[in-house]
Every structure is written in C-alpha cells, then in structure tokens.
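1. how would this look folded up:
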Amino acid sequence: MSLSTRELDRLRQIIKIAEQLIAKAEVVNGSAKKEGAKSSAAPKAKRSRRSGKELVAFRKMLKAERKRGVAVAELAKNHGISSAYIYQL
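-> Prediction:
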C-alpha cells in the first residue's frame, strides 16, 4: 500500500499535533502533581494520638452527646474525626 504525498503530509501534521498535545499534557500534569504533593506534604493540622485516659474521656463525651441527640455527622465534623470512627467507639 502506497500513500500519496498529500496523505503523508496529513499524517505528519497529525503526528506533529499529537506531539504538541502530549508535551502540553506533560507540562500541565507535571505541575499539578507537584502542587498536589506540596499540599499533601503539609497537612492543615498535625494529627495526634489520644492517650488512654484521653480516649476514655473522649468516648464518654461522645456517648453523652449522642444520647442528647447530636447527629453523628455533626460530631464528626466538630471533632475532626470520621463518622465510622464514632460508630466504632
């Protein structure tokens, strides 16, 4: 199968456009990855682990708030924990 000169020129144009799009995508994706890495590397607040005594007090407080009828979603938002963690406790 032989391609005409016009068909070869069109293929070269397509290849050129594809290379430009790939280069542009690499630049955009590369900068997005770097920005994402910066934001994930610096968390908003430092996570801390509760000690045994603190955990017992936290559980009691959560149970008391739940008995008063406070929604789990609201508790999770206020205390910065997941709703699954509340149910787990």
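2. what lies in contact with stretch 78-89?
-> Stretch 78-89 is contacted from outside by Ala45, Phe58, Arg59, Leu62, Arg66, Val72, Ala73, Leu75, Ala76, using CB atoms under 8 Å, 6 or more residues apart in numbering. All C-beta atoms are positioned from the backbone trio N, CA, C, and that covers glycine.
3. of those, buried ones?
-> For the contacts of stretch 78-89, a neighbour count by 16 or more other CB atoms under 10 Å gives the buried set as Leu62, Val72, Leu75, Ala76.
4. pull the contacting residues for the last one.
-> The one in question is Ala76. Residues Ser82, Ser83, Tyr85, Ile86 are the ones in contact with Ala76 under the rule CB under 8 Å, 6+ apart.
5. look up how far Arg10 lies from the first one.
-> When CB to CB, to the nearest Å is applied, the distance between Ser82 and Arg10 equals 55 Å.
6. ok, the last one next?
-> As for Ile86, its distance to Arg10 is 62 Å (criterion: CB to CB).
7. what does the second one give?
-> Summarising the geometry, the distance separating Ser83 from Arg10, computed by CB to CB, is 57 Å.
8. do the third one as well
-> In this structure, Tyr85 and Arg10 are 59 Å apart, going by CB to CB.
9. one more: Val56?
-> 74 Å.
10. now do Gln20
-> Taking CB to CB, one finds Gln20 at 16 Å from Arg10.
11. more crowded one of Ile86 and Arg10?
-> Using other CB atoms under 10 Å, the more surrounded residue of Ile86 and Arg10 is Ile86, with 18 against 12.
12. okay, that one: pLDDT?
-> Looking at Ile86, its pLDDT reads 88.
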